[in-house]
Each structure stands twice: as C-alpha cells, then as structure tokens.
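**Student:** whatever this is, show me its structure:
(4 chains)
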Protein chains: 4
Amino acid sequence: MDAKTSIEDLKGLVKDFVAAREWETFHRSKHLAMSIAIEAAELMEHFQWNDADEGQTLLANAEKKLEISDELADILIYCIAFANQADIDISTAIKSKLDRNEFRFPPVNNERK
Amino acid sequence: MDAKTSIEDLKGLVKDFVAAREWETFHRSKHLAMSIAIEAAELMEHFQWNDADEGQTLLANAEKKLEISDELADILIYCIAFANQADIDISTAIKSKLDRNEFRFPPVNNERK
Amino acid sequence: MDAKTSIEDLKGLVKDFVAAREWETFHRSKHLAMSIAIEAAELMEHFQWNDADEGQTLLANAEKKLEISDELADILIYCIAFANQADIDISTAIKSKLDRNEFRFPPVNNERK
Amino acid sequence: MDAKTSIEDLKGLVKDFVAAREWETFHRSKHLAMSIAIEAAELMEHFQWNDADEGQTLLANAEKKLEISDELADILIYCIAFANQADIDISTAIKSKLDRNEFRFPPVNNERK
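**Tutor:** Okay, here's the model as predicted:
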C-alpha cells in the first residue's frame, strides 16, 4: 500500500484519530518527543540480547515480524503526530536532510573516480 | 510536498542513498533500532529542560524549528531504512495499529452517547 | 542505607546475581547499553503526559514513588552491570566528570564576584 | 575507589554540584528522567554499528574506554540527581529489586536440582 499512500494521507489518519479522542491538549512537542523515544525503546527490546545476525532471523518469523511492525508503527504514529502538531512538512524535512548528507557522506562511486 | 509524496517515494530515496554508500551491511535491524532511539534522544534534547509550554514556544522560532525538523527527519530516515530492510509496508502497519487502537481507546463522541 | 553502602557492595550484589544465572555471556557492552536505554524509557513513561509540576506530585504518592524507585533501580542495576563487565571504577568516573564540569559550568558564586 | 566510596558520598557530590549552580529549579523528575534517557543514548552511540564482539574490543582501547566511562558517568550523575530530588534511597531500591528478581529468575543451580 505504500505506493498508493501519501504522507498527507497518513497525517490525516493520525490527525482524525487524535481529534476524535480530544487528545490535542496532550500532544505538546515535549510530550510527543518523549513518546517517540519510549516507543523506540520498545522496538529495541526485541533485539536487546541478540547479535545482529540473530536479530535478522527474528524477522523471518511471521508472528514476530508483526510484533516488530507494530512497534515501528507506534514510533511513526508519534512522529506524524509531532509533525502535525509542529506543522512540519515531512517530505521536505527528509529530502533536505538527505541532500545535505549527500555532501557529508560522498557516495562510494564518486570516491573511486 | 506531503500531499504529493508517497511512502514508496521516500522509501526509494532512502534505499538509493544507502545503496550509493554500500551501507546495506550496516543496516541490520538491531543497529537500526538503536539508531532510531539515538536520534529520538537528539530530538528530546531540544525539550530537555523546558516546560511543555516553553517547548511550544521553541517552534515559533524559525531557526529552531528547522533544527527540530532536522532531528525528526533523522528519526524518520532510520524508520524508513528499518522498513526497507525488514520489508515492512509502513501504511499497512500504521493503519492496522490505528484500527486496533480504535477499540482500545474509544472516541469521545461514542462515549457520550 | 546509602550512607553505609559502598559502590563496591552494590557491584558485588549485581555480580553475584548475574553469575548465579550464568548471564555473563549476555552481558556484552552493546547489549547492556541498550538495556540501560530501555529501562530509562520505562522511567520516562511515568512522566510521559505530565507537566513538570504534575510529575513532582506523582512522587508524593507512596505507591507511585515505589514504582518509580523500581524503574530507577533497573537503570542503575544495568549501569553497575556495565561497569562490572567493562571494569570501570564508578566513583572515579563520576568524580572525574564532575571535576571537568566544574570548569565548563562555573558555580553561580564565582560568576557574581 | 569504589570500595571506599558510599552511595551517600556520591549523592553529596552531586547535590553540592547542583546547589552551587542553583540548578535545583531545573531538576524536576520529568526533566531528569529525560536527561537519563538522553545520556543513555550517547552511551549507545559508541556501539551503534558494531557487533557485540567488536563492542567488547572497543573497551580494550584505553582512550575509547575513557570516553565510554564518561558517558556512563553522565547517566549515573543524572540517576543520582533524580534520587536526590525524589528522596530515593538507592541501595534500598536496588536490593529490593534484586530480591524480587531472585524469584522471577531462579538461579541456574536451583533449576538443576
């Protein structure tokens, strides 16, 4: 579905979800930044005691992959809520960051020339 | 730009950026989960000593807002890299999570009826 | 009990606990650093949606204070396990850091003179 | 020095440091919990792209070990500040947690009998 879903679509879904619960008063930037970090820790928990190779094996298990997708969704929902609340255009922010990183970390091909 | 950018577009941008640097070997789920948490902490730093109200005031400052957008972009880039690496459809994951939360946290209007 | 307990005492307690479970193989620095961050997020959860003032009020509730003490203990146990595993003298590390911060952040009295 | 330093000694050092800078107003539980998480992320950064084995190798490098000790100290200083501010006896909290974990995670020897 990622090919047919725009960032704006997801922003709308999150906005409506928050509005239907009248959670806007809780959605302050400080609280949302904490929430992103809290959910990021829950994603890490799946990989806490594993080596990187074992971590990859986890994702081959369909049930485990669903749990992990769920944790990623939690992080992203709070990121989108943060962007909604702070009026940040996500695509612009990501492209601008990647453009600057293009210079900070030159591609391998360029270095070889 | 969020209205015209699909999730797949962003996934492609991140995938190409990673491939051009031959970073795929570093992009294991465990390392990426840590990276998301590390960037989430950098976003929190902007709000570390502020009250929630002062945190909001920060975003009225254009320069500060750009720094904060940058930190959010860093988190999202690693989330997208995680989804690319683990073959997760972000839209499906987010919608599925919101659908289940619809029952866990009933909307205010329903409760009042 | 803090007046009568040395850091070495706590290090010994944690070391014995880990050894009795043969967890040394899991106690790699990378995994322990993740564990500290995961427990830190659980402490934050108690303050996620509160203003700083409300956060203080939580601690006046004896039951809540016990839960919060528990989360702090989890963080500290992993910090001590990390120090055990990496052979770090905690007192030296803390004093050395405070000494350097003494110059980075001059005391208020000195500034007034 | 850990054998000769009590928890109370470290609490006193941190308390004096904070008082000399009149930072008590900033030291609210919510802000300190965030600070612990922020410093925990800085410790993780040292192990971000490494396998667990490579992480161990880092500590064999004296200069790197000092940097890592510094990050651990930052986490611990905020934990101690949190305990000072919330009036938590660290030794009691740790011992109480280890005692309960004694039952949750039975030692290997007991299981074998």
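**Student:** just the pLDDT at residue A:47, thanks.
**Tutor:** For residue A:47, the pLDDT comes out at 96.
**Student:** nearest spatial neighbour of it, chain-adjacent residues omitted?
**Tutor:** residue B:30 (4.0 Å; Cβ to Cβ, 6 or more residues apart in numbering or on different chains). No exception for glycine: its C-beta is placed from N, CA and C like everyone else's.
**Student:** pretty sure residue A:38 contacts residue C:44?
**Tutor:** Yes - under the criterion of Cβ atoms under 8 Å, residue A:38 makes contact with residue C:44 at 5.8 Å.
**Student:** tell me how far the residue nearest to residue A:47 lies from residue A:44.
**Tutor:** Taking Cβ to Cβ, to the nearest Å as the measure, residue B:30 falls 8 Å from residue A:44.
**Student:** what residues does stretch A:63-83 touch?
**Tutor:** Stretch A:63-83 is contacted by residues A:10-11, A:14, A:18, A:27, A:29, A:32-33, A:35-36, A:39-40, A:42-43, A:46, A:58-59, A:88-90, A:93, B:29, B:36, B:40, B:72, B:75-76, B:79, B:82-83, B:86, B:88, B:90, B:92-94, B:96-98 when judged by Cβ atoms under 8 Å, 6 or more residues apart in numbering or on different chains.
**Student:** looking at those residues, which are in strands?
**Tutor:** Of those, none are assigned to strands by DSSP state E.
**Student:** which among the residues you listed end up buried?
**Tutor:** A:10-11, A:14, A:18, A:27, A:29, A:32-33, A:35-36, A:39-40, A:42-43, A:46, A:58-59, A:88-90, A:93, B:29, B:36, B:40, B:72, B:75-76, B:79, B:82-83, B:86, B:88, B:90, B:93-94, B:97-98 (16 or more other Cβ atoms under 10 Å in any protein chain shown).
**Student:** am I right that residue A:65 is in a strand?
**Tutor:** No - under DSSP: H, G, I helix; E, B strand; the rest coil, residue A:65 falls outside any strand and is assigned helix.
**Student:** count the residues that sit near it.
**Tutor:** As a burial measure, residue A:65 scores 15 neighbours (other Cβ atoms under 10 Å in any protein chain shown).
**Student:** and the pLDDT for it?
**Tutor:** So, for residue A:65, pLDDT stands at 96.
**Student:** hey, where'd the helices end up in chain A?
**Tutor:** Taking DSSP state H as the criterion, chain A contains helices spanning A:7-20, A:29-45, A:52-58, A:62-86, A:90-104, A:108-112.
**Student:** helices or strands next to the fifth one in the packing?
**Tutor:** Taking 3 or more Cβ pairs under 8 Å, 6 or more residues apart in numbering or on different chains; DSSP states H and E as the contact definition, the neighbouring helices and strands of helix A:90-104 are helix A:7-20, helix A:62-86, helix B:7-20, helix B:62-86.
**Student:** and the first one, which residues are buried?
**Tutor:** To tie it back to what came earlier, the one meant is helix A:7-20. Within helix A:7-20, the residues scored as buried using 16+ other Cβ under 10 Å are A:7-11, A:13-14, A:17-18.
**Student:** centre-most residue in chain A?
**Tutor:** residue A:76 (3.6 Å; Cα atoms, centre = their mean).
**Student:** remind me which residues of chain A are low pLDDT?
**Tutor:** Under the criterion pLDDT under 70, the flagged ranges of chain A are A:109-113.
**Student:** recalculate using a threshold of 50.
**Tutor:** Across chain A, the stretches falling below the confidence threshold (pLDDT under 50) are A:112-113.
**Student:** make a markdown table from the buried residues of helix A:7-20 and add distance to residue D:22 to it.
**Tutor:** As requested, these are arranged in a markdown table below (distance: Cβ to Cβ, whole Å):
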| residue | distance to residue D:22 |
| --- | --- |
| A:7 | 45 |
| A:8 | 47 |
| A:9 | 49 |
| A:10 | 45 |
| A:11 | 42 |
| A:13 | 46 |
| A:14 | 41 |
| A:17 | 43 |
| A:18 | 39 |
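**Student:** residue B:30 and residue A:44: which has the busier surroundings?
**Tutor:** Ranked by neighbour count (other Cβ under 10 Å), residue B:30 and residue A:44 place residue B:30 first, with 24 against 21.
**Student:** wait, that one sits on residue A:49?
**Tutor:** No - using Cβ under 8 Å, residue B:30 is not in contact with residue A:49; the gap is 10.1 Å.
**Student:** now the helices of chain A in TSV, with distance to residue D:54?
**Tutor:** Converted to TSV, these look like this (distance: least, Cβ to Cβ, whole Å):
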stretch	distance to residue D:54
helix A:7-20	36
helix A:29-45	18
helix A:52-58	10
helix A:62-86	24
helix A:90-104	23
helix A:108-112	22
